[in-house]
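Engineer: I'll drop the sequence and a predicted model, then ask my questions.
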Amino acid sequence: MSVVAIDGPSGVGKSSTAKESARRLGYRYLDTGAMYRAMAWLCLNRGVSDPVDVLEQVRGVDLEISTDPDEFFVSVDGMDVSDEIREPEVSENVQTVSAVVDAREELIDMQRTIIAAAPAGIVVEGRDITTVVATDAEVRILMTARDDVRVARRAKELHGNADAEALAATQSQVTGRDAKDSATTSFLEASDGVYTLDTSDIDFDQVVETVLKLVKDSQ
């Protein structure tokens with residue numbers, strides 16, 4: 001069983017790259033960020049922010065996440081929240097969960113269980129996969145891109161374009177989220193043995209082909 005671990009900040013193309021790589025490899029796909037988002041959504045809906053209460057929510061939840069790259073979903077206590085977890089309010093409050101060390105450990109244990117159950121291989125993306133969750137993965141990649149490129153990509157994703165207004169609305173969300181998350185995870189610089197893949201000036205197919213080549217070379 002092969003594990004491909006992909007880390008990186010917002011706007012580098014982690015999710016689209018990981019999904020397409022999984023499709024072409026015939027692997028499963030795990031979006032660990034969606035798990036944190038799902039728990040943030042739950043805490044928001046229950047008015048929970050105290051670390052002890054956040055941990056209680058994580059420990060008591062029935063969290064289900066698809067590993068099919070073609071049919072992604074995430075559900076919380078039987079409710080599909082795949083769309084809800086992408087709302088700006090959830091993005092702004094992910095740190096409510098990710099900053100709680102014991103809650104992170106619970107989610108990391110869930111992620112490792114999912115990884116271990118993958119039949120042939122799995123592509124896992126997030127912010128601490130290469131450094132914490134799957135340090136022994138056969139392929140470990142840190143995806144990066146220039147700040148202006150990342151903001152423009154996220155603006156197009158959120159607003160449908162990258163004009164001045166959309167860029168301004170997106171700038172603080174991207175850089176602010178990275179600043180918050182970098183306090184608890186290391187995803188801005190590659191650790192030893194991690195391949196840095198800068199996506200600033202290459203297209204999507206080139207990014208995916210690079211991942212596939214790294215997987216092939218590791219076998």
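Structural biologist: Yep, it's here.

Engineer: Okay, residue 33 and residue 67: tell me how far apart.
Structural biologist: Separation of residue 33 from residue 67 (Cβ to Cβ, to the nearest Å) stands at 14 Å. Any C-beta I mention is one placed from the backbone N, CA and C, and that applies to glycine too.

Engineer: any low-confidence regions in the protein?
Structural biologist: 166, 175-189 (pLDDT under 70).

Engineer: Find the centremost residue of it, please.
Structural biologist: residue 126 (3.1 Å; Cα atoms, centre = their mean).

Engineer: How much space separates the residue in the chain sticking out farthest from the centre from residue 107?
Structural biologist: In the chain, the greatest distance from the average C-alpha position (Cα atoms, centre = their mean) is reached by residue 164, at 26.9 Å. Relative to residue 107, residue 164 is positioned 38 Å away (Cβ to Cβ).

Engineer: can you give me the strands for this structure?
Structural biologist: Secondary structure of the chain (DSSP state E): strands located at 2-7, 28-31, 63-65, 74-76, 79-80, 121-126, 139-144, 195-198.

Engineer: okay, those strands, which one's buried deepest?
Structural biologist: Greatest average neighbour count among these goes to strand 121-126 (a mean of 26), per mean count of other Cβ atoms under 10 Å.

Engineer: Which neighbours in the sheet does that strand have, and how are they oriented?
Structural biologist: Strand 121-126 sits in its sheet next to strand 2-7 (parallel), strand 28-31 (parallel), going by DSSP bridges.

Engineer: what sits up against the first one?
Structural biologist: Same thing as strand 2-7. Residues from elsewhere that reach strand 2-7 (Cβ atoms under 8 Å, 6 or more residues apart in numbering): 14, 17-18, 21, 25, 27, 115, 118, 120-131, 133-134, 136-143, 187, 194, 211, 214-215, 218-219.

Engineer: Now list the buried members of those residues.
Structural biologist: The neighbour count (16 or more other Cβ atoms under 10 Å) marks 14, 17-18, 21, 25, 27, 115, 118, 121-131, 133-134, 137-143, 187, 194, 211, 214-215 as buried among those.

Engineer: re earlier: go through the strands of the chain and name the closest to residue 99.
Structural biologist: Among the strands of the chain, the nearest to residue 99 by Cβ to Cβ is strand 121-126 (15.3 Å).

Engineer: export that closest one as CSV, just CAs?
Structural biologist: Provided in CSV are the C-alpha atoms of strand 121-126 (Å, rounded to 0.1, in the frame of the first residue of the first chain):
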residue,chain,number,x,y,z
GLY,A,121,-2.9,3.4,-2.0
ILE,A,122,-4.1,6.8,-0.9
VAL,A,123,-3.4,10.4,-1.6
VAL,A,124,-3.7,12.5,1.5
GLU,A,125,-3.7,16.3,1.6
GLY,A,126,-3.7,18.8,4.3
